[in-house]
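*Asks:* from the sequence below, what's the structure:
(one chain, ligands or ions: 1)
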Amino acid sequence: MHHDKHFLKDLNNHTSLQCIAKKILLRFQRKDERIASLETENAMLYLKLANLRGEVSSAKEEASASNAVLETGDRFKMNVKQRAGQLCLEAQNLKSELSKIRALALDMPHQIGQFLQRAKTVVQHHSAEFQSHSSNITALADQVCQLQNTLSDITDQHAREKRRRQELHNLLMELRGNIRVHGRLRPLMEFDGENEDVSTLGRPGTKSEVVVHYVDDENVCVRTSKHNKVFEYERVYSPSEKQESVFDEVQPMLTSLLDGYNICIMAYGQTGSGKTHTMLGSHRNDDYNPSQDPHPDEGVIPRATRELFRLIEEKAPGTHSIEVSVVEVYNNDIRDLLSSDPNAKHDVITGGDGQLSIPTVISKPVDTVYAVMCLVQRGLRTRRETATLVHEHSSRSHLIVTLTVTSKAPSFFAKSASVDSNLSEVGLGKKGRSLSQTWTNDQLQGIGQGQVPANQQPVIRTKLQLVDLAGSECVGMSGVKGVALREASFINKSLSALADVLGALAEHRTHVPYRNSRLTHFLQDSIGGDAKLLVLLCVSPAQRYITESLQCLGFGQRARQVQRGPTKRRLPSSVEKVTAADGQSSSRMRSGSSSR
Ligand SMILES: Nc1ncnc2c1ncn2[C@@H]1O[C@H](COP(=O)(O)OP(=O)(O)OP(=O)(O)O)[C@@H](O)[C@H]1O
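*Replies:* I've put the predicted structure just below:
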């Protein structure tokens, strides 16, 4: 207000105005300069402030970094402290262990000394024992030497005894005759009472009435209002006797097979009497599994095959081999059941060595029971069967399973030589054995004494023929017609040819009609000569089959009369005069196929 008063005074005073303006301008200039300097100062202060803030924050960061370093340092210190404590403990433990080791080390020489002392005692003890043993060893070596000598004596003696046993076995077989007849009575079956109520089965007055009775193991009797007859055989099996009992009687014959004899085992009987059951077993249509134990139902064929392989296993390896063929004789034709063309025709041929063979029939090498039974099963699938009034699987053909054994058996000749000298009258000669070539008596003796090299030893071939014959039947009773009637007629013809052959043998006829039927011609080797034949008569017990049963039992009785008794002593040489099947003489290699 004071200045404003001056200003107003000055306004009035124009000269002073200029001066005043100048002063004011100066004052403004000064103020502007002051403001500028203050702003500059202010900016400087802001800059300083910013610098200071930057310094403060980096100081803060440094401070926190220093804190972290300090913390790490503290932790490290703690760890170092802990570790130092642990190390201290460990050092103490080590120290105590060290002191123990030291104590042990100090004691060690003492212990080693004791151990050495004990070892010395043991060594002394053993060396004393060793000395006493070594003096015993010399004595024992002497004893072993003596025992070895005794053992070799006993082995020789055993071999001699074994040979002797086999000789006696063959002698026994020979004395029993070459044809044996056994009777097997089967149990009463449901089909025996045709159209009868099961409750009346076996009752007197019915068709199934039991008329064939087991008496004892040698006799069977037929008792009806018209008949009262006893039939005697070497062995009779009761209806309750198992397959095993039948095979027990068959088994010894197989030993003879490996001794060079042809063997034939045949089941004879009417339709449904148990032939196939006896020869093959009731499980014949199942898949055969021989890896298991023998099935209790197994018949003669699988059992004989198993036994044959068992006997061969006892022989020297590689000396025996087996081949099998499966054929049927159907309507007097030989059909090869292993062939892809079973209807092809085959003929029995007599070879240069006199041996009968059917070269066109397949004979397969086999080395197990399984292989044999698979082939038999294969053959059975092709075999002719028909359902008859008697039973639904009636075999319409004769089935023949032939096992041919080829053996290189020098011991056989040694045996024969001793038998010949021991049993000059009985003379188990060399007939029936099929040799690969002609040998003189001296040569045979040489073979027996091991003087002939292995590759020059003779080969022997023997046959085991197992036959399931077709059923002998009364045509009216089996109710067959047409083709089946024709089959029945062929079956009956061939069975009557078989009866004729056995009859001719019984009567010692010079001509034996083997060639009247293919069945007898094919079996000639096994039913004539020195071959051993077992006829198993299968018989039904029922009244219904009385005619067939009497026929069958009568057939067996006639066959039994083929008692050739002890065979005559024959020339040991393999070349001799034989009578051919048709009654003509010829000089040729014996093959077990001579006729009488
Ligand atoms: N001893 C027996 N024990 C038990 N069953 C038997 C006996 N014999 C035979 N059979 C049974 O009787 C039936 C007829 O037997 P099988 O087939 O063996 O007669 P077959 O004589 O071979 O007849 P075919 O000649 O018509 O073929 C079969 O069911 C069989 O199992």
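*Asks:* correct me, but S240 touches P187?
*Replies:* Yes. Using C-beta atoms under 8 Å as the test, S240 is close enough to P187 to be in contact (7.2 Å). From N, CA and C alone the C-beta is placed, and that goes for glycine too.
*Asks:* so these two - more neighbours on which side?
*Replies:* A side-by-side neighbour count of S240 and P187, using other C-beta atoms under 10 Å, places P187 first with 13 against 9.
*Asks:* tell me how far that one lies from H277.
*Replies:* 11 Å (C-beta to C-beta, to the nearest Å).
*Asks:* show me what from the chain comes close to the ligand.
*Replies:* Proximity of the chain to the ligand (C-beta under 6 Å from any ligand atom) is limited to residues 186-187, 189, 269, 271-277, 282, 391, 393-395, 470-471, 538.
*Asks:* which residue does the stretch 201-350 of the chain bring closest to the ligand?
*Replies:* Among all residues of the stretch 201-350 of the chain, G274 sits closest to the ligand, at 2.7 Å; criterion: C-beta to the nearest ligand atom.
*Asks:* hmm, back to that, any of the residues of the chain next to the ligand buried? List them.
*Replies:* 186, 269, 271-277, 391, 394-395, 470-471, 538 (16 or more other C-beta atoms under 10 Å).
*Asks:* returning to that earlier point: who touches both of P187 and H277?
*Replies:* Taking C-beta atoms under 8 Å, 6 or more residues apart in numbering as the contact definition, P187 and H277 share no neighbouring residue.
*Asks:* any regions of the stretch 351-500 of the chain where pLDDT drops low?
*Replies:* Counting by pLDDT under 70, the ranges of the stretch 351-500 of the chain that qualify are 353-354, 384-394, 409-457, 473-481.
*Asks:* D248: neighbouring residues, count only.
*Replies:* When counting by other C-beta under 10 Å, one arrives at 13 neighbours for D248.
*Asks:* that one sits in which helix or strand?
*Replies:* helix 243-258 (DSSP states H and E).
*Asks:* who are the packing partners of the helix or strand following that helix?
*Replies:* Proceeding N to C from helix 243-258, the next assigned helix or strand is strand 263-269, under DSSP H and E. For strand 263-269, the helices and strands in contact under the criterion 3 or more C-beta pairs under 8 Å, 6 or more residues apart in numbering; DSSP states H and E are helix 243-258, helix 275-279, helix 300-313, strand 460-468, helix 518-527, strand 532-539, helix 546-560.
*Asks:* which residues sit against the shortest one?
*Replies:* Defining contact as C-beta under 8 Å, 6+ apart, one finds that helix 275-279 is touched by 184, 186, 243, 246, 265, 267-269, 284, 299-301, 393, 395, 399, 466-469, 471, 536, 538.
*Asks:* contacts only, for R486.
*Replies:* Neighbours of R486 in contact, by C-beta under 8 Å, 6+ apart: N331.
*Asks:* from the ligand, how far off is it?
*Replies:* Here R486 is placed at a distance of 16 Å from the ligand (C-beta to the nearest ligand atom, to the nearest Å).
*Asks:* I'd assumed that residue was in a helix, is it?
*Replies:* Yes. According to DSSP: H, G, I helix; E, B strand; the rest coil, the state of R486 is that of a helix.
*Asks:* give me the distance between it and K493.
*Replies:* Between R486 and K493 the distance, using C-beta to C-beta, works out to 11 Å.
*Asks:* can you name the helix or strand that V215 falls in?
*Replies:* strand 212-216.
*Asks:* the following helix or strand past that strand - contacts with which helices or strands?
*Replies:* As assigned by DSSP H and E, the chain's next helix or strand after strand 212-216 is strand 219-223. Counting contacts by 3+ C-beta pairs under 8 Å, 6+ apart, strand 219-223 packs against strand 212-216, strand 228-232, helix 546-560.
*Asks:* circling back: pull out the buried residues from the contacts of helix 275-279.
*Replies:* Neighbour counting by 16+ other C-beta under 10 Å classes 184, 186, 243, 246, 265, 267-269, 284, 299-301, 395, 399, 466-469, 471, 536, 538 among those as buried.
*Asks:* from T402, how far off is I322?
*Replies:* Shown here: I322 relative to T402, a distance of 10 Å by C-beta to C-beta.
*Asks:* show the model's pLDDT score for the nearest residue to R378 once chain neighbours are set aside.
*Replies:* Take R378 and drop its neighbours on the chain: the residue closest to it by C-beta to C-beta, 6 or more residues apart in numbering is L338, 6.4 Å away. For L338, the model assigns a pLDDT of 93.
*Asks:* assign L338 to helix, strand or coil.
*Replies:* Note that with three-state DSSP, the state of L338 is coil.
*Asks:* what about it, neighbour count?
*Replies:* L338: 18 surrounding residues under other C-beta under 10 Å.
*Asks:* just V181 next, same as before
*Replies:* 27.
*Asks:* got the contact list for it?
*Replies:* V181 makes contacts with Y233, E234, L534, V535, L537, G556, Q557, A559, R560, as judged by C-beta under 8 Å, 6+ apart.
*Asks:* can you name the two of those that sit furthest apart?
*Replies:* The two members of the contacts of V181 with the most space between them (C-beta to C-beta) are L534 and Q557, at 15.4 Å.
*Asks:* who has more neighbours out of the two?
*Replies:* A side-by-side neighbour count of L534 and Q557, using other C-beta under 10 Å, places L534 first with 20 against 16.
*Asks:* measure the more buried one to T276 for me?
*Replies:* The value you get for L534 to T276, if C-beta to C-beta is used, is 17 Å.
*Asks:* okay, domains of the chain per the record?
*Replies:* The chain breaks down into these domains under automatic domain parsing: 1-48, 152-589.
*Asks:* quick revisit: wait, the residue of the stretch 201-350 of the chain closest to the ligand sits on R184?
*Replies:* Yes. Applying C-beta under 8 Å, one finds G274 in contact with R184, separated by 6.5 Å.
*Asks:* which neighbours do the two have in common?
*Replies:* Taking C-beta under 8 Å, 6+ apart as the criterion, G274 and R184 both touch C538.
*Asks:* would TSV of the helices and strands packed on strand 219-223 with mean pLDDT be doable?
*Replies:* TSV is the format used below for the helices and strands packed on strand 219-223 (pLDDT from 0 to 100):
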stretch	mean pLDDT
strand 212-216	95
strand 228-232	93
helix 546-560	90
